[in-house]
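Engineer: I need the structure of the sequence given here:
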Amino acid sequence: GESQVWISKLWWHRWLNVVNPGPIDLTGFTCHHGKVHIPTSDEAKLKSIPVTVWDTLLAKYKGGAQIGTLGECEECVAEREEMNRRRRCEQKMVHESDKTYIEPGQAWFIVDKQWLQSWLAFVNEDLHRPPPGPISNDRLLGQDGAPIEGLERGLNYRGVNLEVWNIFHRIYGGGPAIVRSRLDIYSPACPVPRSALGTVQVMQ
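Structural biologist: Take a look at the predicted model:
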């Protein structure tokens, strides 16, 4: 039989029902590499038509590249696998280092809760979510470098130990480091361990 190619059902229905459907639209079926990228979940959005019909439509309406086969862009698949490996690696490193307590003489590093939630969503929940970006502790501080009023532990910030802070900062940067001997952002700042990464909160 005649070779088949794939076309967007949405554009096909537009062609059936309006006088001028516009250029053949393959938006959503190509990736940022400019290649055809059709996950299994998107196959239902396409319809197969004979290649001669495609040639006729393309000559009249112009538009996107021909889709001869379904499947995902190999570069996209490789990127996704690498990102999933990164998720697992970050999750494992933090899980192995995170504690609900610190030893005497150690310090808590305060981290913006909103940033932590973005990181948790990245490693645990949403496979399409990008990494969270730099640590956003500046959200917790005023222009004078002191914590803004009304912050609550657990609601606005969380404490992590030195090991977890260094993991986060090595990967994402940002800051500044807000260091406390007690898990209370309003308690006095304490000396920063030499091995801590990043700039440190300085109250003016």
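
Engineer: so what pLDDT did Glu96 get?
Structural biologist: The model reports Glu96 with a pLDDT of 96.

Engineer: again but with Gln204, I slipped
Structural biologist: 37.

Engineer: Leu162 too?
Structural biologist: Looking at Leu162, its pLDDT stands at 94.

Engineer: looking at it, it is touching Ser195, isn't it?
Structural biologist: Yes - contact criterion C-beta atoms under 8 Å: Leu162 and Ser195 qualify, at 6.8 Å. Heads up, the C-betas are built off the backbone N, CA and C, glycines and all.

Engineer: between those two, who's got more neighbours?
Structural biologist: Taking other C-beta atoms under 10 Å, Leu162 and Ser195 do not tie; Leu162 has more neighbours (20 against 9).

Engineer: now that one: closest residue in space, sequence neighbours ignored.
Structural biologist: Nearest in space to Leu162, with sequence neighbours left out and distances taken as C-beta to C-beta, 6 or more residues apart in numbering, is Pro193 at 5.6 Å.

Engineer: quick one: the one you found and Pro23, what's the gap?
Structural biologist: Going from Pro193 to Pro23 by C-beta to C-beta, to the nearest Å gives 60 Å.

Engineer: what does Asn17 give?
Structural biologist: 16 Å.

Engineer: and if you look at Val164?
Structural biologist: From Val164 to Pro23 the distance is 51 Å (C-beta to C-beta).

Engineer: returning to what we had before: count of neighbours near the residue nearest to Leu162?
Structural biologist: Pro193 - counted by other C-beta under 10 Å - has 16 other residues nearby.

Engineer: list the residues that contact it.
Structural biologist: Gln106, Ala107, Leu162 (C-beta atoms under 8 Å, 6 or more residues apart in numbering).

Engineer: of the residues you listed, which is the nearest to Val36?
Structural biologist: The closest of the contacts of Pro193 to Val36 turns out to be Leu162 (C-beta to C-beta; 47.5 Å).

Engineer: against His128, how distant is that closest one?
Structural biologist: Applying C-beta to C-beta to Leu162 and His128 gives a distance of 32 Å.

Engineer: again with Asn137
Structural biologist: 26 Å.

Engineer: quick one: which of these two has more around it?
Structural biologist: Asn137 (23 against 6).

Engineer: which residues sit in contact with the more buried one?
Structural biologist: Asn137 sits next to Ile110, Val111, Asp112, Trp115, Gly174, Gly175, Pro176, Ala177, Ile178, Gln201 when contact means C-beta under 8 Å, 6+ apart.

Engineer: can you tell me the closest non-neighbouring residue to the residue nearest to the spatial centre of the chain?
Structural biologist: When C-alpha atoms, centre = their mean is applied to the chain, the residue found nearest the centroid is Pro130 (0.9 Å). Among residues not flanking Pro130 along the chain, Phe122 sits closest, at 7.1 Å (C-beta to C-beta, 6+ apart).
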